[in-house]
Every structure is written in C-alpha cells, then in structure tokens.
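Student: 3D, please:
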Amino acid sequence: MTRPFPLAVCAEMLWPDRPIAWRVARLTERGLGVGLWNWPDHDIAELERLGARYTIMNGYLEGRLADAEGAERLLASACETVQVGKRLGVARLNLHGTGLGPGGIPLRQSEVVTGAMWLRARDTLMRICDLAEAEGVVFTLENLNPLDHPGCPFGRTADVLALVSSVDRPQLRINLDLYHTQLGEGDLLRWCGKCLPWIGEVQVADNPGRCEPGTGEINYPGVARGLWAMGYRGPVGMEAFAAGDSDAAVDAFVAAFTL
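Tutor: Here you go, the predicted model:
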C-alpha cells in the first residue's frame, strides 16, 4: 500500500493546546505537509527555521474580488502576503470571494451577485495572476459552503470553477474543498472530474462535524480511489478538527488516502 498523493494537514486545527511550532514539527516528523491560515498570527522567522513543507496558507488578509475598493485592498494585501509565502516556500496562496471574519462569516455578505460583480471578480483574478507570474507563485480560489459562510460571493463549487476556468492561467488554480462541496452541492466525484484540469489542491474533512475522515457520511477511501482513477496526482490536505485525539485524526486521514 502506498500514499499516491502528497498529503498535508492544517496545523491550525489540531493539537489546540500546543504551540504552532510544535504542531508544525509534529506533522513534519510524520512526513506530511503543513497548511496554515493567516501569517500575522505566527512568528514567521520561527516557522522558517523549522524547514517544513508548507503547502498552503491564506494569500490575503483583507479585500474582496467583486468591487473596485475591495479589489485594490485585496491586491495590496496579496502583495504583502506573497513575500511571506516566498520566505516559507508556501506552494499555494489561498483566496476567497471576500474577506472572512470570526467564525468564517463573510465581512461583506452578498445575497445577489450581479453580472458586473462577475466581471470585476474575473478582472481582479487576472491582476492576481499578473502578480503571481511576476513573483513566481501560485494562488488558489476556494469554494465555501453557504451554511458556514452565508452570503459569500462566488462560494459555490460551480462559481469557483467558472471563474478559474475563465481566467485559465497556471497562476490560478482551484482549492477544491470537498467538505464545502458536500454541504453545498454533494456529488463529490463528479465535481472533482469537472474541476480536474484546474485543481491545485483537494481539501477534505468529514460531515457533519468537520472532523477527520471516517467520522461522518463521506466515503473518503472511495473518493481517494476515484481521484486516482481519474488521473489526479496532486496534493490532498486535511483541513479538519479532531473528533478526539489529534494523532488518531491524522492516522485516519492518512489511511483514507493510502491505496
């Protein structure tokens, strides 16, 4: 049995009683990549010294895709974040349709997304790609479910696919979060197939509870086999809480994606 995908785990969500450096070291000892959220929460020099394989982190601190003021703030924030990401060697810098506040609630909710907002979002992402090309980095756009993130524009899997495929540049990929897809649309493997040419990373957590594979309704070993069969060989990251022991949660994730 082998691990057919490069595996990573979000360090923010496990071992909550331990310092972040301990969590990063623990995942590195296990041969896993490390996902992070917002870089100002951490001592970047300390994380740099750990020599971990950092796979993904938020690529902005503020801003929005779909209006002029928000786009300028997003670009400025992304410029700053790119430099931190390059220090850490982060593989992908993650974006959402709008900035998220406490509990993941969008800071500016949009119940209706107009045609003008779609055009502005595409233009903003083109500008993000120009930045990424100049700096030699890659951004991803993540889907978000409407229950945990109400009013987030471009949160549906279909919306993310439409934007990224329309931009169609190697500097912008999809962060396909299957926990969010399950809550928003379901039909996980068909969405994987539709998104396949543009996927930069697949993220996983079970539902309900957003905990490790095996704690809910999603057949993640079946998902792993399906991803392999359709030719996906990219990274899979667990962005999940532990239902109990964090090491056991990591074990369950690794087992689910070992074929």
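Student: ranges for the helices of the stretch 101-250 of the chain?
Tutor: For the stretch 101-250 of the chain, helices defined by DSSP state H, counting those that start in this stretch occupy the ranges 115-135, 157-167, 178-184, 188-195, 220-229, 246-256.
Student: mind listing the strands for this protein?
Tutor: For the chain, applying DSSP state E gives strands covering 7-10, 33-35, 54-58, 92-95, 139-142, 172-177, 199-204, 236-238.
Student: re the thing from before, so which of the helices of the stretch 101-250 of the chain gets nearest E48?
Tutor: Among the helices of the stretch 101-250 of the chain, helix 115-135 comes nearest to E48, with 17.5 Å by CB to CB. Every C-beta, even on glycine, is put in place using the N, C-alpha and C of the backbone.
Student: and the closest one, what does it pack onto?
Tutor: Counting contacts by 3 or more CB pairs under 8 Å, 6 or more residues apart in numbering; DSSP states H and E, the secondary-structure elements packed against helix 115-135 are helix 68-88, strand 139-142, helix 157-167, strand 172-177.
Student: who does the last one pair up with?
Tutor: With DSSP bridges as the criterion, the sheet partners recorded for strand 172-177 are strand 139-142 (parallel), strand 199-204 (parallel).
Student: Any idea which of the ones you listed gets closest to A11?
Tutor: Shortest separation from A11 across the strands paired with strand 172-177 is recorded for strand 199-204, at 13.7 Å, computed as CB to CB.
Student: Tell me which residues of that closest one come out buried.
Tutor: Counting neighbours by 16 or more other CB atoms under 10 Å, one finds that the buried residues in strand 199-204 are 199-204.
Student: hmm, back to that, just say which of the strands of the chain is most tucked in.
Tutor: Neighbour counts (mean count of other CB atoms under 10 Å) averaged over each of the strands of the chain peak at strand 236-238, with a mean of 27.
Student: any residues touching that strand, and which ones?
Tutor: Counting contacts by CB atoms under 8 Å, 6 or more residues apart in numbering, the residues outside strand 236-238 that touch it are 5-10, 33, 35, 55-56, 201-205, 212-213, 224, 227, 249-250, 253, 257.
Student: Please name the strands paired to it in the sheet, noting orientation.
Tutor: For strand 236-238, sheet partners with direction are given as strand 7-10 (parallel), strand 199-204 (parallel), following DSSP bridges.
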